[in-house]
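Asks: Sequence plus the predicted model coming up.
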Amino acid sequence: MNLALVKKLCQRILPARLYTLLYRGYFKFRFKNASRNRVIVKNVIEIPNNNTDSVSFELTSFTSSNDVMNDINISFEVLFEDFKYFEVKNNRNSERSYCIFISKADFNNRITTLLSQGIRVSIKGKDLKGKNHDFYSLSINKKSPICLYKELLSSQGALIYGLDVCIKIFLLEINDKNHYESRINNFSFKSLTSEEFNNELLLSYLNKNDEYNFDVDVVFTWVDGDDPVWAEKKAHYANVADKKPRTAASNSRFKSRDELKYALRSVLMYAPWVRKIYIVTDNQVPIWFKENEKVEIIYHSNIFMDNSYLPVFNSHAIESNLHRIKGLSENFLYFNDDCLLRRPISKSDFFTPFGRSSKFFYSTGAFIPLQKSEELLPVDIAAINNQQLIETLTGYRPLRKFQHTPIALKKSAIEKLENEVPEIFISNSKSRFRAFGDYSILSALIHHWGYSKGFSEPSSIRYGYINLNEETAHRRLERLFLNDQRLSCICINDVDSEDDNESQFFGEIMDSIYCKKSFSEK
């Protein structure tokens, strides 16, 4: 039975708890019998279109979104090489588009050929699987580009790539002035060469000024709380530390379920434009990690301004020193290891053109507490400290918290803040555990301050937050498995739990969504 049909029937007919139990059972049956109809895909071009709804695919090597688009790109260029077209390069959205002048009959015949090669066609969000469609007229009438894409599934049925990774075709016609014209975006120009354009919108679309041609790095912070040497060190310092906020030394802050491995895969799959990835740790290296040029391990001792402050078990302290990573790009993204990408993203999701400012994402329902108390969580205590400092520095008092997403940062902005209030960077760095005097500099403070100075601005992103300790956690994880790519990123919060079944379920879901090793794994 079609996976999408099963999903719709279960959601509409069954109560929530029964839906979860039944669907989980269906998954197990499907996994068990997947080998009966599995096609081993040696490269993405070999996927037959007529089997995409019934066959479980398995990628035999790690594949990024760029690899998928390259394959579609090659198929298109080979098939249309005898027609007039040019490529529209759009760094803003990391997509590829073509403007093409062609007759209706020729276009429909060629698109039908692409369908037989395993490429899928969508116009205005509608998937056109048949071979009898008038693709040309549909595009013109709906004023929508034709999207060419491939739907790649893991062997367990989770969507790896879909319509989010596609190339677009804009059809051209001849207007009254004998210029080539697109009805979709009002493109109008004299020729199909790169020399003669007479439309400012098209020039902007082509990004001749390379407004997103800047480097972006990624920084992960990670700890293996199961390492006995590290755990003994933590226990020693916890016994001699000053009074701490509640949960400051909680095991949930340090527990590892291999989230970093999956988070790293997600970045390499869905943000292949990232220049370099740094993993910041306390003299630890993941057992699965393999050295390579793109991903580098950085120890705390490499970035702290004074190593006498080490060891630290406080994320606020570590974050206060990330901008000291040698070679770090001016614009970078900071990830906790429990934050993963779920679909292709672009630089424009996190930075404005030319990297002038970073973007941050306010929470829609979380606000800074009105007053400090010893019962507050460390994150709330730091938020109040931020609030008071921002009011002193800028004259306004922020009220809102932020979503738990990848954090966009500018190294120069952090350095300017450090020059203005160096004492908070020093006090944070000295706090081995979260303390009542902490500031959450990179996750919150820098955005409030940067907004007032023009270094950052509010934006929005579709993200999900899952607490593994909640009753709905399993069902929400299953939704991620069920090809739910509406979210750009997800945060899967760890909790204190000794439930082996929970860990096994988490691993199964992650292995299905992020199903193949990257080049950073042994």
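Replies: Arrived safely, thanks for sending. Numbers count the residues shown, from 1 in each chain.

Asks: tell me the contacts of the residue most central in space within the chain?
Replies: For the chain, the residue sitting closest to the mean C-alpha position, by Cα atoms, centre = their mean, is L341 at 2.8 Å. Contact analysis of L341 by Cβ atoms under 8 Å, 6 or more residues apart in numbering lists 266-267, 269-271, 406, 488-489. The C-beta positions use only the backbone N, C-alpha and C, and glycine is treated the same way.

Asks: quick one: which two of those residues are the most distant?
Replies: The distance between the two most remote of the contacts of L341 (Cβ to Cβ) is 14.3 Å, for M269 and P406.

Asks: Secondary structure class of R96, three-state.
Replies: Recorded secondary structure, R96: strand (DSSP: H, G, I helix; E, B strand; the rest coil).

Asks: Now do the contacts for the residue nearest to it when sequence neighbours are not counted.
Replies: Closest residue in space to R96, ignoring its immediate chain neighbours: I167 at 4.6 Å, by Cβ to Cβ, 6 or more residues apart in numbering. Counting by Cβ under 8 Å, 6+ apart, I167 touches 69, 72-73, 76, 95-98, 147-149.

Asks: Derive a PyMOL selection command for the buried subset of the residues you listed.
Replies: Buried residues within the contacts of I167, by 16 or more other Cβ atoms under 10 Å, are selected in PyMOL with:
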select buried, resi 69+72+73+76+95+96+97+98+147+148+149
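
Asks: Could you dump the contacts of I167 into TSV and include distance to F506 and pLDDT?
Replies: TSV is the format used below for the contacts of I167 (distance: Cβ to Cβ, whole Å; pLDDT from 0 to 100):
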residue	distance to F506	pLDDT
M69	30	87
I72	33	90
N73	36	87
F76	39	87
E95	32	68
R96	35	79
S97	38	79
Y98	42	81
C147	33	93
L148	35	94
Y149	29	91
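
Asks: Go through the contacts of I167 and name the one nearest S427.
Replies: Nearest member of those to S427, counting by Cβ to Cβ, is E95, at 45.0 Å.

Asks: contacting residues around N307?
Replies: So N307 contacts S301 (Cβ under 8 Å, 6+ apart).

Asks: Next, give phi and psi for it.
Replies: Per-residue torsions, N307: phi -70, psi -10 (degrees, to the nearest 10).

Asks: what about it, distance to D282?
Replies: 12 Å (Cβ to Cβ, to the nearest Å).

Asks: Please apply the same query to S65.
Replies: 33 Å.

Asks: just K430 next, same as before
Replies: Computed as Cβ to Cβ, the K430 to D282 distance reads 16 Å.

Asks: So which of those two has more stuff around it?
Replies: Legend: neighbour count by other Cβ atoms under 10 Å for K430 and D282, higher for D282 (20 against 16).

Asks: Now the more buried one. Nearest residue, chain neighbours left out?
Replies: Nearest non-adjacent residue to D282 (Cβ to Cβ, 6+ apart): H300, at 5.3 Å.

Asks: Just give the number of residues close to that neighbour.
Replies: 20.

Asks: isn't it right up against I318?
Replies: Yes. Between H300 and I318 there is a contact at 6.7 Å, judged by Cβ atoms under 8 Å.

Asks: remind me which residues of the protein are low pLDDT?
Replies: By pLDDT under 70, the weakly predicted segments of the chain are 1-61, 84-95, 130-131, 155-156, 185-209, 241-256, 481-484, 494-503.

Asks: re earlier: want to try JSON lines for the contacts of L341, with distance to S452 and secondary structure as columns?
Replies: Formatted as JSON lines, the contacts of L341 follow (distance: Cβ to Cβ, whole Å; DSSP: H, G, I helix; E, B strand; the rest coil):
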{"residue": "S266", "distance to S452": "33", "secondary structure": "helix"}
{"residue": "V267", "distance to S452": "30", "secondary structure": "helix"}
{"residue": "M269", "distance to S452": "36", "secondary structure": "helix"}
{"residue": "Y270", "distance to S452": "32", "secondary structure": "helix"}
{"residue": "A271", "distance to S452": "29", "secondary structure": "coil"}
{"residue": "P406", "distance to S452": "23", "secondary structure": "coil"}
{"residue": "S488", "distance to S452": "27", "secondary structure": "coil"}
{"residue": "C489", "distance to S452": "26", "secondary structure": "strand"}
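
Asks: wait, which of these is closest to I277?
Replies: Proximity of the contacts of L341 to I277 (Cβ to Cβ) peaks at V267, which lies at 6.5 Å.
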